[in-house]
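**Student:** How does the following fold in three dimensions:
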Amino acid sequence: LRECAKSDMDCLYAFLDAADRTTVECAEGNGFTLVGTRVTYECSGAPPTTLSSVKMRPATNDDLPVLTKLSEALSAESRFMRDRRFGPAAARRLYRRWVETLVSETVPTTTVLVAVDNGVVVGFVAARLKDDIVHIELVIVGADARGKGIAHTLMSECMRAFAHRGFSRFRVVTQGSNIAAQ
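**Tutor:** Okay, here's the model as predicted:
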């Protein structure tokens with residue numbers, strides 16, 4: 001906390017194990033407030049079967065207007081939206097920037113795939129390889145396209161792309177409040 005004050009840092013997040021009451025109480029005693037819970041899923045092995053017939057392809061810069069719009073909807077489920085220091089406008093900006101960064105990266109450790117249905121981008125998945133684990137960072141399907149297996153297919157195709165390169169451990173984190181994602 002002293003280092004943050006010296007660096008003129010406005011926000012610091014602590015990811016704590018809720019079962020460790022001593023650490024939680026220490027954090028609360030130092031001004032931290034709960035803004036959300038995270039649920040982490042991890043799997044190893046072969047990617048699941050594809051469920052949807054929509055087309056998948058790598059994202060391009062031309063997709064950014066649609067992807068940033070989709071990401072703004074995703075930001076509504078984020079801890080940033082609930083954090084009084086951020087709020088809706090800052091949360092949307094953060095997610096837009098996150099997507100722009102992911103799409104513009106040309107490193108082989110980052111993959112962004114879009115789902116295209118009848119020529120229209122209806123969703124995307126973004127993942128990065130870190131420490132031999134594929135971290136699925138963002139997954140969103142537009143409201144009009146939900147319930148058709150598109151998110152499952154995006155996840156499957158993303159996993160397949162990394163599995164072809166020899167990676168078989170996958171992790172995704174979502175907000176505890178995002179029941180649909182869970």
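**Student:** show me what contacts the nearest residue to residue 174 once chain neighbours are set aside?
**Tutor:** For residue 174, ignoring the flanking residues on the chain, the nearest one in space by Cβ to Cβ, 6 or more residues apart in numbering is residue 181 at 4.2 Å. For glycine as for every other residue, the C-beta is placed from the backbone atoms N, C-alpha and C. Applying Cβ atoms under 8 Å, 6 or more residues apart in numbering to residue 181 gives the contacts 77, 139, 174-175.
**Student:** what do you get for residue 48?
**Tutor:** 152, 155-156, 159.
**Student:** now these as a markdown table including pLDDT and secondary structure?
**Tutor:** Output for those, formatted as a markdown table (pLDDT from 0 to 100; DSSP: H, G, I helix; E, B strand; the rest coil):
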| residue | pLDDT | secondary structure |
| --- | --- | --- |
| 152 | 88 | helix |
| 155 | 90 | helix |
| 156 | 91 | helix |
| 159 | 92 | helix |
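**Student:** In JSON lines: the residues you listed, plus neighbour count and distance to residue 41.
**Tutor:** JSON lines is the format used below for these (neighbours: other Cβ atoms under 10 Å; distance: Cβ to Cβ, whole Å):
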{"residue": "152", "neighbour count": "16", "distance to residue 41": "13"}
{"residue": "155", "neighbour count": "21", "distance to residue 41": "10"}
{"residue": "156", "neighbour count": "21", "distance to residue 41": "14"}
{"residue": "159", "neighbour count": "22", "distance to residue 41": "12"}
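**Student:** strand partners of the strand of greatest length in the chain, parallel vs antiparallel please.
**Tutor:** In the chain, ranked by residue count with DSSP state E as the criterion, the top strand is strand 120-130. Using DSSP bridges, the strands paired with strand 120-130 are strand 110-117 (antiparallel), strand 133-141 (antiparallel).
**Student:** and the next element down the chain from the helix-or-strand element of the chain with minimal mean pLDDT?
**Tutor:** When the helices and strands of the chain are scored by mean pLDDT, DSSP states H and E, helix 79-82 comes last with a mean of 78. Once the chain leaves helix 79-82, the next helix or strand it forms, by DSSP states H and E, is helix 87-104.
**Student:** and that following helix, how far out from the chain's middle?
**Tutor:** Centroid separation between helix 87-104 and its chain, computed with Cα atoms, centre = their mean, to the nearest Å, is 11 Å.
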